[in-house]
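> Pasting the sequence and the predicted coordinates here, then a few questions.
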Protein chains: 2
Amino acid sequence: MTNADLIARRDRTLGAGAPLFYREPLHIVRGEGVRLFDVDGRAYVDMYNNVPCVGHAHPRVVEAIARQQATLNVHSRYLHEGVIAFAERLTALHGPGIESVVFSCSGTEANEVALRMARFATGRHGIVCTDATYHGNNALVGALNGVGERHPRAIRAFSFPQTFRPVAPAASSQALTDAYLERLDRAIAELEAEGSGLAALIVCPIFANEGLPDVPPGFMARAAARVRAAGGLVIADEVQAGYGRTGQWWGSGVAGFTPDIVVTGKPMGAGLPLAATAASRDLVETFRRETRYFNTFASSPLQAAAGRAVLDIIEDEGLIANAATVGAALKAALKARQDRSPGVGDVRGVGLFIGLEMVDGDGAPDREAAVDVVNRLKDLGFLTSNAGAFGNVVKIRPPLVFAQADADAFLAAWDLVSAARG
Amino acid sequence: MTNADLIARRDRTLGAGAPLFYREPLHIVRGEGVRLFDVDGRAYVDMYNNVPCVGHAHPRVVEAIARQQATLNVHSRYLHEGVIAFAERLTALHGPGIESVVFSCSGTEANEVALRMARFATGRHGIVCTDATYHGNNALVGALNGVGERHPRAIRAFSFPQTFRPVAPAASSQALTDAYLERLDRAIAELEAEGSGLAALIVCPIFANEGLPDVPPGFMARAAARVRAAGGLVIADEVQAGYGRTGQWWGSGVAGFTPDIVVTGKPMGAGLPLAATAASRDLVETFRRETRYFNTFASSPLQAAAGRAVLDIIEDEGLIANAATVGAALKAALKARQDRSPGVGDVRGVGLFIGLEMVDGDGAPDREAAVDVVNRLKDLGFLTSNAGAFGNVVKIRPPLVFAQADADAFLAAWDLVSAARG
């Protein structure tokens, strides 16, 4: 079957418009470790997928899932020690204020739980997010996506913090921090003026969807203090930033703040739908008291088995240290090449999450260049994508098993792309 | 570890208030076929769980999941034939108007997709549901739950159709049908008057959460015609009613109407989070055009593998015929016992979904009696629950592998409970 035939069948059964990557889509049939293989047996180095964080088809995940599905997989209204043990293990990875968990099946669901938890706990409705964020795809959480002039009631966005295209000319980096804090203050003040008040600030600690900006110094710690002074809670959406991606367990550690509510998702189950909203016991119990939240497929023994296997592997294989080491080396190597990489205006990121900002001759965002680079890299066997507020950031976010040898191979391909585009 | 210890750990890690079944909760550690086993090795006949529709721990599901997780489990922006084949197979189970599918991870997500699809397609916002329904737990879908006096904007509820506690005294069953249709008309008229207009009617075809009422004759076919005459679409929420539960593939077949959009969930993946919104290609493409819907864990090769295994088993093991035969016999046996079953005011249902309406001496709903019966049955080794608009309906909804021998054993236990309560 040709790609064209498969696409025709897909358009018929999933409807045309179901998103596909790359100008010439890939027909992937197998994965192993950091590699994906297409129907013709061609190998690609996966530098995009964070869900299979322990590598594709990890045998310990397969075994844990198979064993649990063969033993018991049922909803959470019976007692099950595995679910409790997973929750204990997950909360232990956080600071002392994070004690209890609400499990769900997707980052969207977990972010919605977080927002509702904050609203119940504060008795207020207002949510502040950034103006180029993404926290999920449903009605409540989707209302946060790319909030611009529309200003839905009880939601305000502030300009995401960055040093590359600063919101205002600033005499110093501290002055730039102040400029972003002023915008945050304004969003809070607007929510108070409209009567919503402030329930929470929700951010990805590394501002992944915004394009992994370098953030003015001290911004998040001061922003969190500001939010708390206004009676609000701080939600860290660690769906992309957490689970070792940055070379630390949590993006909030990199960003230098302590969240009240932590949301995790994508990598938790190695592809099994699994997400969590973790907070103090008091916050979680307030949420449970206000809404008898029940989620058919969540808090299941299967989720717990997959979730514990992923944590085991991350720890046993030293994947966080790997993310720190290989990520730092790759970023440094790309930075060193910046001057001879046509169109690369900035190299940013932390751990195994790196963004290459593509710009045109005037320094303006160049989405087409990012798309071009992503497709050229794909043709050379390396899978990336583009992201960011303008879609002009080449996004590098491989499984955490990505090794130095993979980085070296990628750099050789990168040099070829740079030469071809030069 | 005692139950008390486990509950204390659970309260700490999941927060007190995470729902549990039964006065004395069960600590279930294993499942096989129609049986669940507690930590002491005691067997219970599962007469509650519809998610493991093919039976707990079915080896073909385990094998399909393990094989696919060991091969490839990745998001849907690469081509994958397994996902397409599953969508083809699923749509083929429906009538000719259902051609394409949007996969998601829960009935909540799939119902939200359906509502948004209807709104995009009609350009109108109004949704009609019943006044004792449940379609999910998030902001948009949860707004439909138990809509009473509150009347959130763009949502109206009508009294769910039933013959047991009819909304009005009626000279004939046709007059009762008319009385409910009038209430539906009024809901539509109110949506039009407020400017929302009618986008869709959403119902569970067998009104499961309402308590499995016997519906006045011809109601749903005439209701669907009414909705279409007003320019709206008909959404069948088959999360509970579908997949053979009624002795037919779809509850809409039992209810006698043809939906425009079909939502499926719980039994689809035998516990793997999996749901779908199926409709005409035109409706699905309208949805995809209006919103670049993407769901990280949905439309995955893993979902497709589990989903196809479940369909294989339902077909190969003749589970739909089993549901029809065993369900009809069980219902007839319970009906025959009604006079000597204290507190049972009505026996209803279809296929392997049976409701026993518990009433007090005045015929009023008796929730406490239902809770008492459910707990006594549990003590005798049979797991049920209570449901319905008043929580007074004993809900019997076993895996579809529930056999006549299981029904016979249950009836013996039922007689013991009746005698003890007599």
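Looks like it came in fine. Residues are numbered from 1 along each chain as shown, chains lettered A, B, ... in the order given.
> hang on, A:Gln68 packs against A:Gln303?
No. Under the criterion of CB atoms under 8 Å, A:Gln68 is not in contact with A:Gln303, lying 9.0 Å apart. Every C-beta, even on glycine, is put in place using the N, C-alpha and C of the backbone.
> quick one: which of the two has more around it?
Shown here are A:Gln68 and A:Gln303; by other CB atoms under 10 Å in any protein chain shown, A:Gln303 has more neighbours (30 against 25).
> ok but that one is inside a helix, no?
Yes. Assessed by DSSP: H, G, I helix; E, B strand; the rest coil, A:Gln303 belongs to a helix.
> Count the neighbours of the closest residue to it other than its chain neighbours for me.
Excluding its sequence neighbours, the residue lying closest to A:Gln303 (CB to CB, 6 or more residues apart in numbering or on different chains) is A:Leu274, at 4.7 Å. Counted by other CB under 10 Å, the residues lying close to A:Leu274 total 32.
> Just to check, A:Leu274 is in contact with A:Phe103?
Yes. Applying CB under 8 Å as the test, A:Leu274 and A:Phe103 come out as touching, 7.2 Å apart.
> okay, and the common contacts of those two?
Residues touching both A:Leu274 and A:Phe103 by CB atoms under 8 Å, 6 or more residues apart in numbering or on different chains: A:298, A:303.
> which residues does the most centrally placed residue in chain A contact?
Chain A has A:Gln240 as the residue nearest its centroid, 1.8 Å off, counting by CA atoms, centre = their mean. Under the criterion of CB under 8 Å, 6+ apart, the contact list for A:Gln240 reads A:50, A:204, A:206, A:208-209, A:251, A:266, A:353, A:397.
> In these, find the pair that's most separated.
Among the contacts of A:Gln240, the pair separated by the greatest distance (CB to CB) is A:Ile206 and A:Lys266, at 13.7 Å.
> I'd like the distance between the closest residue to A:Phe294 other than its chain neighbours and B:Asn137.
Distance criterion CB to CB, 6+ apart; nearest residue to A:Phe294, sequence neighbours excluded, is B:Pro19 at 5.4 Å. Using CB to CB, to the nearest Å, B:Pro19 is found at 12 Å from B:Asn137.
> Common neighbours of these two, please.
In contact with both B:Pro19 and B:Asn137: A:Phe294, using CB under 8 Å, 6+ apart.
> With neighbour numbers in mind, choose between these two.
Per other CB under 10 Å, whichever of B:Pro19 and B:Asn137 has more neighbours is B:Asn137, with 22 against 13.
> Find me the pLDDT at that one, would you?
Residue-level confidence at B:Asn137 comes out at 90, pLDDT.
> Please apply the same query to A:Asn145.
86.
> For my notes, confirm it occurs in a strand.
No. Counting by three-state DSSP, A:Asn145 is not found in a strand; it is coil.
> Give me the residues contacting the least confident helix or strand in chain A by mean pLDDT.
Scoring the helices and strands of chain A by mean pLDDT, DSSP states H and E places helix A:139-142 at the bottom, with a mean of 90. Residues outside helix A:139-142 that contact it (CB under 8 Å, 6+ apart) are A:108, A:111-112, A:115-116, A:135-136, B:112, B:116, B:138-140.
> Go again with 6 Å.
A:108, A:111-112, A:135, B:139-140 (CB atoms under 6 Å, 6 or more residues apart in numbering or on different chains).
> what do you get for stretch A:48-55?
A:33, A:266-267, A:270-271, A:310, A:313, A:383-385, A:397, A:399-401.
> Between the two ends of it, how far is it?
12 Å (CA to CA, to the nearest Å).
> Now the residue nearest to A:Asn375 when sequence neighbours are not counted: phi and psi?
Using CB to CB, 6+ apart and skipping the chain neighbours, the partner closest in space to A:Asn375 is A:Arg23 (5.3 Å). When quoted as degrees, to the nearest 10, the phi and psi of A:Arg23 stand at phi -60, psi -40.
> Having no further points to raise, I will conclude here.
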